[in-house]
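Novice: sequence unknown, structure follows:
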């Protein structure tokens, strides 16, 4: 079980923030950034004062200020604006929902946090794709790879004429330089090690400074041409990606772990 160093150990509920357009699917998971109890368990018990069904398929409907939440004990939710609110609200208006929730573990420990959602009524999000190949400038350049390595700016490498990014050894990753959110649908990642190893890599996605998702990948590709693909699309909209490597199996890195990245596909 992975714990973050900022908040220590044990059950912990962290406030959540989402931004949506009323024209898109409004869904998320409020437990993604909450920490499990010491027994490895966490579940949503109350949401907005309503007891949440604990069955695997159970969905609880909870009325918000402007719409209705459908939420499960695993923290996943969908939200729909009331039709009357849609009709009566001028386009471009931002409506805010603020809902408290309570989680617990099997030992009976509990914690509280808030879900805050800003909903832009009537604003349509135009989805565009951009790809960072590191051989040419992307159509839409929104990422900053502002990391350093031994005092130098980000490092580039080439493999059979194919350019790639050599990340820093501290997992600082990359982030939106314009404030625009993105969905990371695919990227090619490799260890860059001279000998085969399997690196256990934990990718973390953030939005507005809040952790919204993690994904653990067993990375055994040593070169970009090995074509090991990683998608973080299940995290939804994010604005920053970082990672750390808690374990290496089958050998050791030549030095500090500096992963290689190429063909980063973003939906913006």
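Specialist: Now that the structure is in, tell me what you want to look at. For clarity, every value in this text was computed on a predicted model and none was experimentally measured. Numbers count the residues shown, from 1 in each chain.
Novice: wait, residue 70 sits on residue 78?
Specialist: Yes. Counting by C-beta atoms under 8 Å, residue 78 is a contact partner of residue 70 at 5.0 Å. For the C-beta atoms, the positions are set from N, CA and C on the backbone; glycine is no exception.
Novice: surely residue 155 and residue 166 touch.
Specialist: Yes. Assessed by C-beta under 8 Å, residue 155 is found in contact with residue 166 at 4.3 Å.
Novice: chain neighbours aside, what residue packs nearest to residue 42?
Specialist: Excluding the flanking residues, the one nearest residue 42 by C-beta to C-beta, 6 or more residues apart in numbering is residue 36, at 4.7 Å.
Novice: same question, residue 182
Specialist: Residue 182 sits nearest to residue 266 (C-beta to C-beta, 6+ apart), 4.2 Å away.
Novice: would you list every one of the strands in the stretch 1-150 of the chain?
Specialist: For the stretch 1-150 of the chain, applying DSSP state E, counting those that start in this stretch gives strands covering 16-21, 26-29, 43-47, 50-51, 60-63, 67-71, 76-81, 94-104, 110-120, 129-132, 143-144, 148-149.
Novice: so for residue 245, which of those strands sits nearest?
Specialist: Across these, the minimum distance to residue 245, taken as C-beta to C-beta, is reached by strand 148-149, at 16.1 Å.
Novice: is it true that residue 194 touches residue 254?
Specialist: Yes. At 5.5 Å, residue 194 and residue 254 qualify as touching, with contact defined as C-beta under 8 Å.
Novice: start to end distance for stretch 232-243?
Specialist: Terminal residues of stretch 232-243 lie 12 Å apart, using C-alpha to C-alpha, to the nearest Å.
Novice: can you list contacts of that stretch?
Specialist: By C-beta atoms under 8 Å, 6 or more residues apart in numbering, the residues outside stretch 232-243 that reach it are 19, 27-28, 32, 171-176, 179-185, 201-208, 212-213, 215, 259.
Novice: same thing but at 6 Å, please
Specialist: Here stretch 232-243 makes contact (C-beta atoms under 6 Å, 6 or more residues apart in numbering) with 171, 173-176, 181, 183-185, 201, 203-207, 212-213.
Novice: understood, closing this out.
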